[in-house]
Each structure stands twice: as C-alpha cells, then as structure tokens.
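Novice: Provided below are the primary sequence and the corresponding predicted coordinates.
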Amino acid sequence: MSVKNICCIGAGYVGGPTMAMIAKKCPHINVTVVDLNEARIAAWNDEDVSNIPVYEPGLSDVVAEARGRNLFFSTDVNSAIDIAEVIFISVNTPTKMYGAGKGQAADLKWIELCARQIASVAKNDKIIVEKSTLPVRTASAIKDILTHTGSGVSFQILSNPEFLAEGTAVEDLDSPDRVLIGGDDTPEGQEALRKLVDIYANWVPRDRILTTSVWSSELSKLTANAFLAQRVSSINALSEICEKTEANIAEVARAIGTDSRIGSKFLKSSVGFGGSCFQKDILNLVYIAKSYGLNEVANYWEQVIIMNDHQKTRFASKIVSTLYNTVNGKKIALLGWAFKKDTNDTRESPAIHVADHLLFEQANLAVYDPKVSEEQVYNDLDYLKTRERAENRANLQVYLDPYEACKGAHAIAVLTEWDEFKTYDWKSIYNNMLKPATVFDGRNVLDIAELKAIGFQVRSIGSTL
Ligand code: NAD
Ligand code: UGA
C-alpha cells in the first residue's frame, strides 16, 4: 500500500521546507509538521505567508500552494504520530554542552524524546525516518527504544539525511543532486526503503535516489559536511599565504578549480564558515573517531575547525591592527550578520565572533543586516555570556538603514555576502565617514577598484590589492 499520511517532528529550517516540498510534489499525501514550539507553529500558520519563520527565496510560494490542502502545521504531536505511516524526525542535534563528550558529541536528547514519544503513541506499524543529522549507528539506539515497548508494533528505521543548503533550500529540494536513503538489508527494511523511494520519485529522477545501508547513509551525511567545510578551511588557509606573498586567492581558486578533479565550487575564501552544521558535524566526527581510539583521524578533521577559528580571529585582529592598534570608542559598521546571504539564520555566524572580538577591544559597533532582527543580534551576543547584557546593548547598535549604520564610522566590515551591498552608493557612504575610511571585505564581494577610486582603504581576504 502506498503512503497516505506523513508526519514530521520538528518544524525548523529542515523540517519546514522539506515537508513543504513533499506536500507540493505529492498532493495525494497528507503531510503534518509538528513542533513543541507554539510560536514557531503559529508563524508557519500565519495568514500572511511572508511571516513564516524561515526565510528562504521561493519558500513562501511553496507553502502557500500546499498549506491547508495537504500541508498542515500543528503542536498536536501525538495525533500526528498516531495517524502517520511514515514519521520523519527532524529535530535539532546540537553539540552537547555538558557531561561526557561536552563540546564535541551530538546531543541526542531530542532524538531520544521523539523515539520515546513515538513508542508510547504508536498503535500500528510505522516507518521512522532519520532526517536529522546523526552520529553513525544512532539508528540502533532508536530501534532499541522502539522495540522495547511491548506493544507489538513493528518499526522500520531509515536514514534519509538532508543535503539542502540554506539560502538555496527550495532549489536544492526541487532538484537535488541526490537523495540518500539507508535501510536494513531485511525484506521489511527493503520494503520500507521502497516506500520512501516512491515518495521522492514523484519528482526526483530514480537514478538520483541512492540507497545504502543505514550506517553508510548516517556516516555519508557527516562526511559530506566535513568535506565541504574542509574545502573552505583549505582555501582560507591559502588566503593567509596570499596576503604574505601578493598572490591573489581568487586567481588561485580559479586556477585550481578548473581542474575537473578539484572542481570550482566551494572555493570562496571568506571570514570563515558559519551555520548550524559544519562545526557541530565535524566535532561529532572527531568525537566518533576518538571514541574508537582513532586519534590521527580525529586530529585530521579537528584541524578544519582550528583553521576556521583562526580565520575569524585573524580577520578581527586585522581590523584592530589596521586602525592603528586601537578601536576603543571607534564606530565600526558591520554589514551583514547572517552566516550567509539569503537566509535569516545566524547560528555560528562568523559575524558573532568578529563582533565579540571587537567589543573586547571596546569598539562601538553598528550592525546592519537586511534579514536579521535587532533582538536576534543581541540574543546571539548574550548567548556567548562574555559580558553583561547591558554592555552589549550600550556598545552595539542595530540599524535598519545601512547608510545610517556607516555614518561617522572609521571602518566598515562586510561579514555576509548580501547582493545588495554591491549596489550601494559607496561615494555617499565614503563622504559620511571619518578619514581614512577603511573597508574590510570579509566576503570579497565589493569592487575594490571602485572603492579605491573613491578614496577608501580596502583590505580583502587573500589579496594585497
Ligand atoms: P531547528 O532547530 O531549526 O529545528 C528543530 C525543531 O525541532 C525546533 O523547532 C524544535 O522546537 C523542534 N523539536 C525538538 N524536539 C522536539 C520534540 N521532541 N517534539 C517536537 N518538536 C521538537 O533545526 P534544523 O536547522 O531544522 O536542523 C534539524 C536537523 O537537520 C539537525 O540535525 C541538523 O543538523 C540537520 N540539518 C540541518 C540543515 C540546515 O540547513 N539547517 C541542513 C541539513 C541537515
Ligand atoms: C551546508 C551544506 O552545504 C549542506 O549540504 C548541508 O545540508 C548543510 O550544511 C547542513 O547540513 O546543515 P549551509 O550551512 O546551509 O549548508 O550553507 P553553505 O552554503 O554550505 O555555507 C556554509 C558556510 O560556509 C557559510 O558561512 C558560507 O558563507 C561558507 N562558505 C561556503 C565559504 O566561506 N566559502 C565557500 O566557498 C562556500
């Protein structure tokens, strides 16, 4: 029998967009996304679809098409579990901040809670799909919890990691490079796997739907993120050499990227990578390697994080050293707070680290981001607990107008590659700044020649131009 009801636990950056796309492409399936967070569910249900809690280009159209037809958002987790034949788990799996594995292991508290809730509610057989990113072999823990209920209900666990990137989620979901599904090599496991393949096959060509064992699938997700992050750290490591040698990182990236074995994507040097996953997933990989005594493997991957931390600190230190070794009381405008363009997500954004560093140096910061709220900026800084909340508010202001943010500033640091930054009237920004006026382009997005012609001093990543 084909699947008629799907439920997804977790209405976040993955659960919301992923389920909206399944609902759009499969009008014959009812999709219910549930979450404990009432405000989040209310926002997904907001009459004005532009108020949904995740900003992604094109997402509000997808939601508008399916919501109320076969896409539903609810806080009634039990009812949704009860009715569904397939249950996706798409809850957060952050780095554990206490006890064994603190600072490295994935905190699977929310995954376990979901498994226990499913175990207590389910009255008929279910397919459980790991959508969250999980340490390899998590499925065995989930299975353990589910099979000890004594209810006689049979559960199949599949791994179906998500590869969408924020900012391009709709595009990535609409036309994925591949969909990965791992299942048990038993008749029941293979039957469950086929049912999930059939759902994706409504819009994804079958040759792009890869099937593997559960363990390979779980490990492939951590591996994909580790490889991607490693490319960014590799190019950033080279950017520092470029700054010493007058080589230009954009030229080096183009030169190596044309080798088809290397490829041209993901070679943009920057102030460092951010986002909720790269760091946590590599730390998780490091933890897994260490737990098997594979110390060389752990050290190898840990270096990707060490390099990224270095890049963020190096960028912030350069601002201080360029501004005559003191930024005390100087206004510095930070353009961009999100971890990348086209998203309102700020988790692990390099902007947070750079701002924190500059606040330690007693700078006066002016932040502008087209999609991030003042409340979010302060929350991000308060979360670090590096100073009093009042101090964060006294020394950092959030602006709604980039020109106001830059007025009277000694310097501007570009921390997110928002396209709109390229379109600003840089002459007028220059006229309203203190001189010398310096731009630190942490994303290499601005036209250096144009800025220099106006009179700016420019410092970019990986070049001495
Ligand atoms: P998120 O924090 O945005 O959303 C998770 C949601 O789950 C939250 O709204 C939370 O309230 C809810 N939740 C937690 N426990 C719950 C429970 N027991 N019952 C009901 N709801 C519960 O997280 P996210 O960014 O969507 O990431 C989810 C998972 O997907 C993570 O494992 C992450 O690593 C992975 N992932 C994320 C991305 C991304 O781009 N953000 C991409 C691929 C994979
Ligand atoms: C990343 C992966 O690309 C997704 O495949 C994966 O599903 C997701 O993590 C996840 O598991 O959460 P995401 O973090 O949303 O997606 O965005 P990316 O485009 O990968 O960018 C991550 C960070 O690296 C950003 O801060 C970005 O600015 C930075 N980056 C990326 C660079 O500095 N240079 C580059 O060339 C590319």
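Specialist: Received it, and whenever you're ready, just let me know what you need. Everything numeric in this text was worked out from a predicted model, so none of it was measured. Ligands and ions are numbered 1, 2, ... in the order given.

Novice: Show me the helices in the stretch 301-450 of the chain, by range?
Specialist: 350-360, 374-384, 389-395, 402-406, 426-431, 448-454 (DSSP state H, counting those that start in this stretch).

Novice: Can you lay out the ones you listed as a markdown table showing mean neighbour count?
Specialist: Any C-beta I mention is one placed from the backbone N, CA and C, and that applies to glycine too. Listed next are the helices of the stretch 301-450 of the chain as a markdown table, based on neighbours: other Cβ atoms under 10 Å:
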| stretch | mean neighbour count |
| --- | --- |
| helix 350-360 | 22 |
| helix 374-384 | 16 |
| helix 389-395 | 14 |
| helix 402-406 | 20 |
| helix 426-431 | 16 |
| helix 448-454 | 14 |
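
Novice: Output these as a markdown table; include the columns distance to S120 and mean pLDDT.
Specialist: A markdown table is the format used below for those (distance: least, Cβ to Cβ, whole Å; pLDDT from 0 to 100):
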| stretch | distance to S120 | mean pLDDT |
| --- | --- | --- |
| helix 350-360 | 39 | 98 |
| helix 374-384 | 33 | 98 |
| helix 389-395 | 40 | 98 |
| helix 402-406 | 51 | 98 |
| helix 426-431 | 59 | 98 |
| helix 448-454 | 60 | 97 |
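
Novice: Adding distance to A64 as columns, could you present the ones you listed in TSV?
Specialist: Rendered in TSV, the data for these read as follows (distance: least, Cβ to Cβ, whole Å):
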stretch	distance to A64
helix 350-360	31
helix 374-384	25
helix 389-395	37
helix 402-406	30
helix 426-431	37
helix 448-454	40
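
Novice: what are the ranges of the strands in the chain?
Specialist: 5-9, 30-34, 71-74, 86-89, 126-130, 155-159, 179-182, 209-212, 331-335, 364-368, 396-398, 411-414, 438-441, 457-460 (DSSP state E).

Novice: average pLDDT across stretch 263-278?
Specialist: The average pLDDT within stretch 263-278 is 97.

Novice: Just the terminal-to-terminal distance for it.
Specialist: Using Cα to Cα, to the nearest Å, the gap from the first to the last residue of stretch 263-278 comes to 20 Å.

Novice: For T32, find the nearest of the helices of the stretch 301-450 of the chain.
Specialist: For the helices of the stretch 301-450 of the chain, proximity to T32 was assessed by Cβ to Cβ; helix 374-384 is nearest, at 28.1 Å.

Novice: which residues touch the closest one?
Specialist: The contact list for helix 374-384 (Cβ atoms under 8 Å, 6 or more residues apart in numbering) reads 337, 344, 346, 349, 352, 355-356, 359, 367, 369, 389, 392-393, 396, 398.

Novice: ok, now how distant is the residue of the chain found nearest ligand 1 from K407?
Specialist: Here the chain gets closest to ligand 1 at one residue, G12, 1.9 Å apart by Cβ to the nearest ligand atom. G12 sits at a distance of 37 Å from K407 (criterion: Cβ to Cβ, to the nearest Å).

Novice: Which one's more surrounded, the two?
Specialist: For G12 versus K407, the count of surrounding residues by other Cβ atoms under 10 Å is larger for G12: 21 against 18.

Novice: Could you check how far the more buried one is from L108?
Specialist: Here the criterion is Cβ to Cβ. By it, G12 lies 16 Å from L108.

Novice: cool, D369 as well?
Specialist: Taking Cβ to Cβ as the measure, D369 falls 32 Å from L108.

Novice: who has more neighbours, the two?
Specialist: Comparing D369 with L108 by neighbour count (other Cβ under 10 Å), the higher total belongs to D369, at 26 against 20.

Novice: got the contact list for A20?
Specialist: Applying Cβ under 8 Å, 6+ apart to A20 gives the contacts 59, 62-63, 66-67, 71.

Novice: Could you export these as a markdown table, including distance to ligand 1?
Specialist: Formatted as a markdown table, the entries for these read as follows, by distance: Cβ to the nearest ligand atom, whole Å:
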| residue | distance to ligand 1 |
| --- | --- |
| L59 | 13 |
| V62 | 16 |
| V63 | 15 |
| A66 | 18 |
| R67 | 17 |
| L71 | 16 |
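
Novice: Out of those residues, the closest to M21 would be?
Specialist: Distances from M21 to the contacts of A20, taken as Cβ to Cβ, are shortest for V62 (6.2 Å).

Novice: For burial, what's the neighbour tally of the closest one?
Specialist: V62 has 24 neighbouring residues, counting by other Cβ under 10 Å.

Novice: Do I have it right that it meets I22?
Specialist: No. With contact defined as Cβ atoms under 8 Å, V62 does not count as touching I22 (10.2 Å).

Novice: hang on, the earlier thing: ok, so of the contacts of A20, who is nearest ligand 2?
Specialist: Relative to ligand 2, and with distances defined as Cβ to the nearest ligand atom, the nearest of the contacts of A20 is L59, at 13.7 Å.

Novice: Tell me how far that closest one lies from V49.
Specialist: Relative to V49, L59 is positioned 9 Å away (Cβ to Cβ).

Novice: These two: which has the busier surroundings?
Specialist: It is L59, of L59 and V49, that has more neighbours when counted by other Cβ under 10 Å, with 19 against 16.

Novice: pLDDT at the more buried one, what is it?
Specialist: In the predicted model, L59 carries a pLDDT score of 97.

Novice: what does K340 give?
Specialist: Taken from the predicted model, the pLDDT recorded for K340 is 97.

Novice: Could you tell me how many residues sit around the closest residue in space to it that isn't next to it in sequence?
Specialist: Leaving out its chain neighbours, the residue that sits closest to K340 by Cβ to Cβ, 6 or more residues apart in numbering is G167, at 5.5 Å. If you count neighbours by other Cβ under 10 Å, G167 ends up with 21.

Novice: What residues does the stretch 251-400 of the chain have near ligand 1?
Specialist: Proximity of the stretch 251-400 of the chain to ligand 1, by Cβ under 6 Å from any ligand atom, involves residues 276-277.

Novice: Could you dump the helices of the stretch 301-450 of the chain into a markdown table and include distance to ligand 2?
Specialist: Output for these, formatted as a markdown table (distance: least, Cβ to the nearest ligand atom, whole Å):
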| stretch | distance to ligand 2 |
| --- | --- |
| helix 350-360 | 7 |
| helix 374-384 | 14 |
| helix 389-395 | 22 |
| helix 402-406 | 19 |
| helix 426-431 | 22 |
| helix 448-454 | 18 |
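
Novice: Correct me if wrong: N37 contacts G15.
Specialist: No. Here N37 does not reach G15: they are 11.1 Å apart, not a contact under Cβ under 8 Å.

Novice: No further queries at this time; thank you.
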